[in-house]
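Asker: From the sequence below, what's the structure:
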Amino acid sequence: MHIMNIAFLFVTLLASFTSISLTHASPHYQTLARSHQKSGSNKFNVQPLSDITIYNAVLALHENASVKASPYLLGLKGEDTEWVSIEVDHPEPSADDWVAVFSPAKFNGSTCTYEDYTRIQSPYICTSPIKFMFANYSNPSYTTTGKSTLKLQIINQRADFSFALFSGGLSKPKLKAVSNTITFANPKAPLYPRLAHGKSWDEMTVTWSSGYSIVEAVPFIEWGMKGQKRSRSPAGTVTFTQKDMCGGAARGVGWRDPGYIHTSFLKDLWPNMVYTYQMGHILQNGSYVWSKMYSFKASPYPGQDSLQRVIIFGDMGKGERDGANAYSNKHPGALNTTDTLIKDLDNFDFVLHIGDMSYANGYISQWDQFLAQMEPITSKVPYMVASGNHERDWPNSGSFYDTDDSGGECGVPAETLFYYPAENRAKFWYSTDYGMFHFCVADTEHDWRIGTEQYAFLEKCLASANRHKQPWLIFAAHRVLGYSSNDWYGQEGSFEEPMGREHLQQLWQKYKVDIAFFGHVHNYERVCPIYQNQCVNDEKSNYSGIVNGTIHVVAGGGGSHLSDYTELETVWSIHKDRDFGFVKLTAFNQSSLLMEYKKSSDGKVYDSFTITREYKDVLACVHDGCEATTLAT
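Answerer: So this is what the prediction gives:
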């Protein structure tokens, strides 16, 4: 037998054996398996702010130490982000001195709640800073001179700011000095718009954040076709509270008031037309508060035969342009991916982020910072999201995996900050259309197996695709429910989330899914058209004819720490790249699709394939993908 065939047989048998054993294992065993899955990389999944043991902070003010922040007032010209200068002076400097940014500025014991842990020492700091930087970050001579000037980028987060100098490192913080307070001219301003598809193709939703409750101001969107008269649409307002969090940092030191989240529905859009829009609030005194002006292009009519381009990636995280938190940077590729997409904004129409967005992990302040990072993209094109383990998972919270990956958020911030056309916001599965594309987005943090509510939805979603008008059928989910050559999947022998493809592959085959996209694994991998662990097509780059197997793509290199591959030879794998990047789908027409994998570092293409197909090829009979027939006349 050929060596490659032996390897393939070994991998197939190992995958089948492990998957079967897990399918019939007890829920407790499955929980242990999932907890073990990423044990080798847990150090990367921790939110950098959790390195600070803020509850251990002690009051040790030094009469000659000082921290000064300037300018005092930010955003005088409507800016939502500014650079702030921090001057540090400490007569007894040390290499482990660090500066914390607190917002709200007041962070003493008066902010503690009954939820906070029992303390035995003052100053009873119960809230994490929103970011930090070591005092010697840009001044190596600090340890001898005791003087340093830091440059920090501050975004508008609906509250004032103060800066505190600590010694003792992150584990034994000693508060030495606190700065003056600074604030934005309008801390409550409407900010960070997120576009998303509504429940119909001709509807766009705009979600944004502000400091205005409905008691203070009425939110709305003023919008219209570019150059035409504009109209107004009302917006709904929601928020979430500390008690809505399920535990962990989200209910403790990581809690921060998210302000108010507003969503407006812009309906009856004309296909392909450019619209301008502006968020507004009418204050009680009749005056108006306005955001900046933005624009977007309306979706094409379903089935419209035109150039349509989609970006797909997962697992991004948040970067710091000022170098803050640099010693604990867990998401080294996040800014590269963001910036590369921003530079190419005119060349794509739609973004699908398949889970693990901000990695806030219970530190709620980080969501604002992620939204600010993504605003140039989310304000311009529809930004559709999926739920990942770092958004949803928390023990005893109803998530499919009994892990603590969300830091206690249990899905609430993600479900509130983003709109997606799900029937139930807590059940993060939905369908959405874009021109010739039909997307079925699954929620891997809830049970997807045969017989579940989600399985029934997924079958209905796939079955509803009109392949004559929307030939490109895309399945997307966070965790790998198909195939991956990742090392921890290899150690488990499943090369997937156990029970993934075993329960879903017949759906993909029956409804002839073109491509299934997954994240969770932080790298890129393309798998051959495959069914039941066997490649069904020997072609590598140009596919044509009938849909006899689904192509699987892992696109989890959005920015978080990279994942390793198994040492085993997985013969279904066509291309691997352990780097940061994203996927671009280009539908040229109803019979020609191009997929490209691009690196975040340079935006260049490093893998690609085409699919060329006529409608009759979609209708063609394939194994486990045929309607019943009869010889009756």
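Asker: For this protein, which segments count as helices?
Answerer: 3-23, 27-37, 42-45, 142-145, 248-251, 334-343, 365-378, 389-392, 412-417, 453-463, 487-492, 500-510, 615-619 (DSSP state H).
Asker: Show residues contacting the fourth one.
Answerer: In other words, helix 142-145. Helix 142-145 is contacted by residues 88, 93, 94, 95, 97, 135, 136, 139, 148 when judged by CB atoms under 8 Å, 6 or more residues apart in numbering. From N, CA and C alone the C-beta is placed, and that goes for glycine too.
Asker: from those, which would you call buried?
Answerer: By neighbour count, with 16 or more other CB atoms under 10 Å, those hold 88, 93, 97, 135, 136, 139, 148 as buried.
Asker: quick one: the fifth one and residue 162, what's the gap?
Answerer: Distance of residue 136 to residue 162, given as CB to CB, to the nearest Å: 21 Å.
Asker: can you list the domains in the protein?
Answerer: Following the TED database, the chain resolves into domains at 66-184, 305-619.
Asker: Single out the most deeply packed of those domains.
Answerer: Across the domains of the chain, averaging neighbours per residue (mean count of other CB atoms under 10 Å) puts domain 305-619 on top, at a mean of 21.
Asker: Now do the end-to-end distance for that domain.
Answerer: One end of domain 305-619 sits 19 Å from the other (CA to CA, to the nearest Å).
Asker: Quick one: mean pLDDT over it.
Answerer: Averaging pLDDT along domain 305-619 gives 96.
Asker: when you give positions from now on, start the count at 55
Answerer: New numbering, starting at 55: the last item is domain 359-673.
Asker: Centre of the chain to it, how far?
Answerer: Relative to the chain's own centre, domain 359-673 is displaced by 10 Å; criterion: CA atoms, centre = their mean, to the nearest Å.
Asker: in the stretch 355-504 of the chain, which spans are strands?
Answerer: Under the criterion DSSP state E, counting those that start in this stretch, the stretch 355-504 of the chain contains strands at 362-367, 404-407, 437-439, 484-488, 491-495.
Asker: Which other helices and strands does the shortest one contact?
Answerer: Of the remaining helices and strands, those touching strand 437-439 by 3 or more CB pairs under 8 Å, 6 or more residues apart in numbering; DSSP states H and E are strand 245-251, strand 404-407.
Asker: Identify whichever of those strands lies nearest to residue 465.
Answerer: Of all those, it is strand 404-407 that lies closest to residue 465, at 15.2 Å by CB to CB.
Asker: I'd like to check which residues are in contact with residue 650.
Answerer: Applying CB under 8 Å, 6+ apart, one finds that residue 650 lies in contact with 637, 638, 640, 659, 661, 662.
Asker: go with 6 Å
Answerer: If you count contacts by CB atoms under 6 Å, 6 or more residues apart in numbering, residue 650 has them with 638, 659, 662.
Asker: Against residue 446, how distant is the residue nearest to the spatial centre of the chain?
Answerer: Central residue of the chain (CA atoms, centre = their mean): residue 411, 1.8 Å from the mean position. Distance from residue 411 to residue 446, counting by CB to CB: 11 Å.
Asker: cool, residue 199 as well?
Answerer: With distances taken as CB to CB, residue 199 is found 48 Å from residue 446.
Asker: returning to what we had before: could you dump the helices and strands packed on strand 437-439 to CSV with distance to residue 578?
Answerer: As requested, those are exported to CSV (distance: least, CB to CB, whole Å):
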stretch, distance to residue 578
strand 245-251, 26
strand 404-407, 16
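Asker: closest to residue 427 out of those?
Answerer: The nearest among those, by CB to CB, is strand 245-251 at 9.5 Å.
Asker: for the stretch 555-687 of the chain, what spans make up the strands?
Answerer: Secondary structure of the stretch 555-687 of the chain by DSSP E, counting those that start in this stretch: the strands cover 569-572, 578-581, 584-585, 588-589, 596-598, 605-609, 627-631, 635-643, 646-653, 659-666.
Asker: Ok, which of those comes nearest residue 135?
Answerer: Checking the strands of the stretch 555-687 of the chain against residue 135 by CB to CB gives strand 635-643 as the closest, at 24.2 Å.
Asker: which residues sit in contact with the residue nearest to the centre of the chain?
Answerer: Neighbour list for residue 411: empty [criterion: CB under 6 Å, 6+ apart].
Asker: Can you read off the backbone torsions of it?
Answerer: Phi and psi for residue 411, reported as degrees, to the nearest 10, are phi -90, psi -80.
Asker: Quick check: the gap between it and residue 664.
Answerer: Taken as CB to CB, the span from residue 411 to residue 664 is 30 Å.
Asker: And for residue 136?
Answerer: 46 Å.
Asker: what's the answer for residue 552, then?
Answerer: 33 Å.
Asker: and what of residue 637?
Answerer: The gap separating residue 637 from residue 664 is 14 Å, by CB to CB.
Asker: Let me see the confidence value for residue 113.
Answerer: 89.
Asker: And the residue nearest to residue 651 when sequence neighbours are not counted, how far from residue 402?
Answerer: Closest residue to residue 651 apart from its sequence neighbours, by CB to CB, 6 or more residues apart in numbering: residue 661 at 4.1 Å. Separation of residue 661 from residue 402 (CB to CB) stands at 18 Å.
Asker: got the phi/psi numbers for residue 341?
Answerer: phi -80, psi 170.
Asker: how about residue 631, what does it touch?
Answerer: Neighbour list for residue 631: 578, 660 [criterion: CB under 6 Å, 6+ apart].
Asker: Ok, the one 10 residues further on next?
Answerer: The contact partners of residue 641, by CB under 6 Å, 6+ apart, come to 362, 490, 526, 647.
Asker: again with residue 239
Answerer: Going by CB under 6 Å, 6+ apart, residue 239 touches 127, 129, 130.
Asker: can we see that at 8 Å?
Answerer: Per CB under 8 Å, 6+ apart, neighbours of residue 239: 127, 128, 129, 130.
Asker: Would you report which members of these are assigned to strands?
Answerer: The strands, defined by DSSP state E, take in 127, 128 from the contacts of residue 239.
Asker: wait, which of the strands of the stretch 355-504 of the chain is closest to residue 303?
Answerer: strand 437-439 (21.6 Å).
Asker: strands paired with the closest one, and their directions?
Answerer: strand 404-407 (parallel) (DSSP bridges).
Asker: does the nearest residue to residue 496 once chain neighbours are set aside have beta-bridge partners, and which?
Answerer: In space, and not counting its chain neighbours, residue 496 is closest to residue 531: 3.9 Å by CB to CB, 6+ apart. With DSSP bridges as the criterion, residue 531 is bridged to residue 572.
Asker: List the residues that contact residue 531.
Answerer: Residue 531 sits next to 408, 409, 440, 495, 496, 497, 498, 502, 570, 571, 572 when contact means CB under 8 Å, 6+ apart.
Asker: Let's see that with 10 Å instead.
Answerer: Contact analysis of residue 531 by CB atoms under 10 Å, 6 or more residues apart in numbering lists 368, 408-409, 440-442, 483, 494-499, 502, 512, 551, 554, 558, 570-574.
Asker: Residue 472 now?
Answerer: Residue 472 neighbours (CB under 10 Å, 6+ apart): 248, 250, 259, 261, 315, 317, 407, 411, 425, 432, 437-441, 445, 479, 482.
Asker: how near is the closest residue to residue 595 other than its chain neighbours to residue 650?
Answerer: Using CB to CB, 6+ apart and skipping the chain neighbours, the partner closest in space to residue 595 is residue 663 (4.8 Å). Residue 663 sits 9 Å away from residue 650, going by CB to CB.
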